[in-house]
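Trainee: task: produce atomic coordinates for the following.
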Amino acid sequence: MLQQIRKLFDQIGRGDSVEVREEKDVRMISAALMAEIATADQKVDERERDALVRLLREHYKLDDETAQDLVTRALANRHEATSLYEFTQTVNENFTERDKYLLVKQMWEVAFADGEIDAFEEHLIRRVAELIYLPHGLFTRARAEARDDNAG
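Mentor: Here you go, the predicted model:
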C-alpha cells in the first residue's frame, strides 16, 4: 500500500506547494488507517464505507467526490501496506495530540458503523493508539465518544 500511496502522492502532488502536498499526505494516511479498520474483519460493510467518506469529508472539508475517491484509493491499495509503523511515523511527525485523538475517534466511528466491534478492529485501533503515543485516557474517551455518537 505504501508504494501505491507514494505513487498517488507523486501524481496528485505535481505542482502543489509543500503545504498542499503535506496536507494530501495526511489525508491519505488518515484514509488508509481508517480503511484498515473497515477491512479488519475481512469485509467492508456499506455503513463502514459511508462512515469513512463522511468522516473524511467533514474533517478535511472535502467535497463528496474527492472523499469518495480517497476512500476508493485507500481501500484498493490497502493490500500493499508493509507496516503500521510507516503510517504512524507520519502521524507522529504531523499530528498534534488533538489530531491523534480525532484520528483514533474516527477509527472507532468506522468500527462502530456496522453495529459491532470485531476483535481485529479493536486490536488494530489499540495498536495504532499505542504507536502514535495517544494517552490511554484519550484512547478510552475516543472510544466512548464514538460509541455514543453511533448510538445517537
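Trainee: use CA for all of it now, contacts and neighbours both
Mentor: Will do.
Trainee: where does pLDDT dip in the chain?
Mentor: Along the chain, segments meeting pLDDT under 70 span 1-24, 79-82, 152.
Trainee: and if we set it to 50?
Mentor: Under the criterion pLDDT under 50, the flagged ranges of the chain are 1-2, 5, 8-9, 11-21.
Trainee: tell me where this protein has helices.
Mentor: Assigned by DSSP state H, the helices in the chain fall at 2-13, 18-39, 46-60, 64-77, 84-94, 97-112, 119-131, 136-151.
Trainee: just name the most buried of those.
Mentor: Neighbour counts (mean count of other C-alpha atoms under 10 Å) averaged over each of these peak at helix 97-112, with a mean of 23.
Trainee: show me what that helix is packed up against.
Mentor: Counting contacts by 3 or more C-alpha pairs under 8 Å, 6 or more residues apart in numbering; DSSP states H and E, helix 97-112 is packed against helix 18-39, helix 46-60, helix 119-131, helix 136-151.
Trainee: please save the CA atoms from the last one in CSV.
Mentor: Coordinates of the C-alpha atoms in helix 136-151 are reproduced here as CSV (Å, rounded to 0.1, in the frame of the first residue of the first chain):
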residue,chain,number,x,y,z
HIS,A,136,-4.8,5.7,27.4
GLY,A,137,-7.3,8.2,28.9
LEU,A,138,-7.7,9.8,25.5
PHE,A,139,-8.0,6.4,23.8
THR,A,140,-10.9,5.3,26.1
ARG,A,141,-12.5,8.8,25.7
ALA,A,142,-12.3,8.5,21.9
ARG,A,143,-14.0,5.0,22.1
ALA,A,144,-16.7,6.2,24.4
GLU,A,145,-17.5,9.3,22.3
ALA,A,146,-17.5,7.3,19.1
ARG,A,147,-19.8,4.7,20.7
ASP,A,148,-22.2,7.5,21.9
ASP,A,149,-22.1,9.2,18.6
ASN,A,150,-23.0,6.0,16.9
ALA,A,151,-25.9,5.3,19.3
